[in-house]
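**Q** The following block contains a protein sequence and its predicted model.
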Amino acid sequence: MRTWTPPEIPELPGQGVAPKLFNTATGRLEHPAIPEGKALLYVCGITPYDATHLGHAFTYLTFDIMQRAWRDAGIETVYAQNITDVDDPLLERANDTGVDWRALADEQIGLFRSDMFRMGMLPPEHYVAVTEQIDEIADAVRELRELGYAYSVPTDDAEGDDIYFDTEGASRDSEWRLGDVAPYDRELMLRLSAERGGDPERTGKRGALDPLLWRAARAGEPSWETSVGVGRPGWHVECSVIARGALGGAFTVQGGGSDLVFPHHEFTAAHATALSGTPLAHAYCHAGLVSYQGHKMSKSRGNLVFVSRLLDGGADPSAIRLGLLAHHYRSEWEWYDGDLETARRRLEAWREGLTRQSDEPVAAAAVLRQLRSAIANDLDTPVMLATLDAALDRGVDSPGLIADAVLALLGVQL
Ligand code: 5CA
Ligand code: ZN
């Protein structure tokens, strides 16, 4: 899938250090492995409807900053992202609005691409839609069945059977154990499975948590003829196959918003490990969820603030970035309508600060050192912003170096 034009990243003098990152799977700050000197990153992409809201933007900005940190440390990055362009909620939205699901997806992917470009986000090298890899995903489902990790569940509204992943079997016989990614107890897993696309109540399954691998064709739903029959893939196996196809196994970081920890990333890892014997990623990193009007910003609730509306209303993309970067990526926080104005003022103050004549200017080289140490500490952007507030309030000895550092590390144009 086509991506978008990359932003300019100035070269900075010297070098940062590889960032320590919080790994959800272990609950610790770690330096995840960088195979052959390359940081390999897979971030779960959008389901293309109601894009791009500020929650999406916060998640993608997190992984944009992560890549800026690696690159500043002299580490090459390879970035892959998927598009979940066939999925129940997308199909429901298309049905409800009388639009063809492909047309809806195409339009929303175009909007997302334009939002990402305008926001100065680093584009993925591998941008892969589920509909581009149906055969590969079906082959993986077939392989899981041959390995004994998948089973059929009869349907009463389709010709063929649905196929499910055998959680208990895989947890016993493969290298993966339930809970390897999500540090949750079973009760919470059951609740989250029901809330996030699973079907713990469905009869005929071996285990309540078992996720769908393949959905047999239903009337009025898109389907493909494949090696496991006519139908369409389940959600987790899609990302598992796309991630391994783009990056191979055991890559550096699997990322997304924290709503993906369970069941999505747990089972994405489970499928990959069951198929290959190696873990999917060395670390699983998650951005906190952004709320608005007292609730998590979500398509189902409809409390969305769209990036395109803010930009079309004249917002400076750098101000939107600063409004988001004021929060540490792992915090759960709420966006207030006044936040954009606060961020705009900060941006204005920084721009003014850059031209400030001072008798005792702050050494720009020292500021750069502080910025590098904060970004290396689990991407601590609030500390970076506070460092710049203080320095630019006083004036700096090399405005050019500060402007370059702010653009390279934060993607903010002064
Ligand atoms: N297509 C799947 C992932 S394979 C999906 O979750 N799509 S999405 O459009 O719902 O979300 C896209 C990304 O934005 C995901 O990483 C999700 O975790 C993140 N996200 C969604 N809502 C929020 C929110 N309110 N705050 C922060 N991140 C969010
Ligand atoms: Zn995903």
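**A** In hand now; what should we look at? Ligands and ions are numbered 1, 2, ... in the order given.
**Q** For residue 225, give me phi and psi.
**A** phi -90, psi 120 (degrees, to the nearest 10).
**Q** Next, the contact list for it, please.
**A** Residues near residue 225 by CB atoms under 8 Å, 6 or more residues apart in numbering: none. (Each C-beta comes from the backbone N, C-alpha and C, glycine too.)
**Q** Please apply the same query to residue 23.
**A** 29, 30, 32, 282, 283, 284, 285.
**Q** ok and the residue in the stretch 51-200 of the chain nearest ligand 2?
**A** Closest to ligand 2 within the stretch 51-200 of the chain is residue 82: 5.8 Å, counting by CB to the ion.
**Q** Pretty sure that residue sits in a strand.
**A** Yes. Per DSSP: H, G, I helix; E, B strand; the rest coil, residue 82 lies within a strand segment.
**Q** Ligand 1 contacts on the chain?
**A** 44-47, 55-56, 58-59, 82, 84, 239, 256-257, 259-260, 287, 289-290, 296-298 (CB under 6 Å from any ligand atom).
**Q** circling back to that earlier point, quick check, the residue of the stretch 51-200 of the chain closest to ligand 2 in contact with residue 238.
**A** Yes. Using CB atoms under 8 Å, residue 82 is in contact with residue 238, at 6.8 Å.
**Q** Pick out whichever of these two has more residues nearby.
**A** Neighbour totals were compared for residue 82 and residue 238, and residue 238 leads with 30 against 26 (other CB atoms under 10 Å).
**Q** pretty sure that one contacts residue 47?
**A** No. Judged on CB under 8 Å, residue 238 makes no contact with residue 47 at a distance of 10.8 Å.
**Q** Find residues that contact each of those two.
**A** In contact with both residue 238 and residue 47: residue 84, using CB under 8 Å, 6+ apart.
**Q** Next up, the contacts around residue 137.
**A** Applying CB under 8 Å, 6+ apart to residue 137 gives the contacts 130, 233, 237, 238, 241, 242.
**Q** Backbone torsions only: list them for the second one.
**A** Reported as degrees, to the nearest 10, the phi and psi values for residue 233 are phi -80, psi 160.
**Q** mind checking how far residue 10 is from residue 368?
**A** Note on residue 10: its distance to residue 368, by CB to CB, to the nearest Å, is 12 Å.
**Q** re the thing from before, anything in contact with each of residue 82 and residue 238?
**A** Both residue 82 and residue 238 are in contact with residue 130, where contact means CB under 8 Å, 6+ apart.
**Q** What's the local residue count around residue 323?
**A** There are 25 residues near residue 323, going by other CB under 10 Å.
**Q** and what of residue 268?
**A** Neighbours around residue 268, by other CB under 10 Å: 30.
**Q** Hmm, it is touching residue 242, no?
**A** No. Contact between residue 268 and residue 242 fails when scored by CB under 8 Å: they sit 9.5 Å apart.
**Q** Now do the strands in the stretch 301-414 of the chain.
**A** 333-335 (DSSP state E, counting those that start in this stretch).
**Q** nope, the stretch 101-250 of the chain is what I was after
**A** Counting by DSSP E, counting those that start in this stretch, the stretch 101-250 of the chain has strands at residues 126-129, 150-153, 162-165, 212-216, 224-226, 229-233.
**Q** lowest average confidence, helix or strand, in the chain?
**A** None of the helices or strands of the chain scores lower by mean pLDDT, DSSP states H and E than helix 88-97, at a mean of 92.
**Q** mind listing what the closest residue to residue 325 other than its chain neighbours touches?
**A** Distances taken as CB to CB, 6 or more residues apart in numbering put residue 381 closest to residue 325, at 4.2 Å, once the chain neighbours are dropped. By CB under 8 Å, 6+ apart, the contact set of residue 381 is 65, 325, 326, 327, 328, 329, 374, 375, 410.
**Q** now do 10 Å
**A** 61-62, 65, 321-322, 324-329, 371, 374-375, 409-410 (CB atoms under 10 Å, 6 or more residues apart in numbering).
**Q** Identify the residues contacting the residue of the chain most remote from its centre.
**A** Ranking residues of the chain by C-alpha distance from their mean position (CA atoms, centre = their mean) puts residue 359 at the top, at 44.8 Å. Contacts for residue 359 (CB under 10 Å, 6+ apart) come out as 394, 395.
**Q** Can you give me the domain boundaries for this protein?
**A** 21-291, 338-410 (automatic domain parsing).
**Q** Give me the spatial nearest neighbour of the spatially most central residue of the chain, chain neighbours excluded.
**A** A centroid search over the chain (CA atoms, centre = their mean) returns residue 256, at 3.0 Å, as the residue closest to the centre. Spatially, and ignoring its direct neighbours in sequence, residue 256 is nearest to residue 44 (3.9 Å; CB to CB, 6+ apart).
**Q** Run through the residues that contact that neighbour.
**A** 59, 63, 81-84, 235, 238-239, 242-243, 254-257, 259-260, 264-265, 268.
**Q** Pull up the per-residue confidence for it.
**A** Per-residue pLDDT puts residue 44 at 98.
**Q** Likewise for residue 98?
**A** 93.
**Q** Can I get the buried part of the contacts of residue 23 as one ChimeraX selection?
**A** In ChimeraX syntax, the buried subset of these is picked out as below (16 or more other CB atoms under 10 Å):
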select :32,282,283,284,285
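**Q** What is the neighbour count of the residue in the stretch 251-400 of the chain positioned nearest to ligand 1?
**A** As assessed by CB to the nearest ligand atom, ligand 1 sits closest to residue 257 within the stretch 251-400 of the chain, at 2.3 Å. Residues lying near residue 257 (other CB under 10 Å) number 21.
**Q** now swap in the one 3 residues further on and tell me
**A** Here the count is done by other CB under 10 Å, and residue 260 has 25 residues near it.
**Q** Same question for residue 141.
**A** 25.
**Q** And the residue farthest from the centre of the chain, how close does it get to residue 124?
**A** 47 Å.
**Q** same thing with residue 411?
**A** 16 Å.
**Q** one step back: quickly list what the residue of the stretch 251-400 of the chain closest to ligand 1 is bridged to.
**A** residue 287 (DSSP bridges).
**Q** correct me, but it touches residue 296?
**A** Yes. With contacts counted by CB atoms under 10 Å, residue 257 reaches residue 296, the gap being 9.5 Å.
**Q** Leaving out chain neighbours, which residue sits closest to residue 162?
**A** residue 153 (4.8 Å).
**Q** got a list of what the one you found touches?
**A** If you count contacts by CB under 10 Å, 6+ apart, then residue 153 has 161-164, 199, 202-206, 210, 212, 216 around it.
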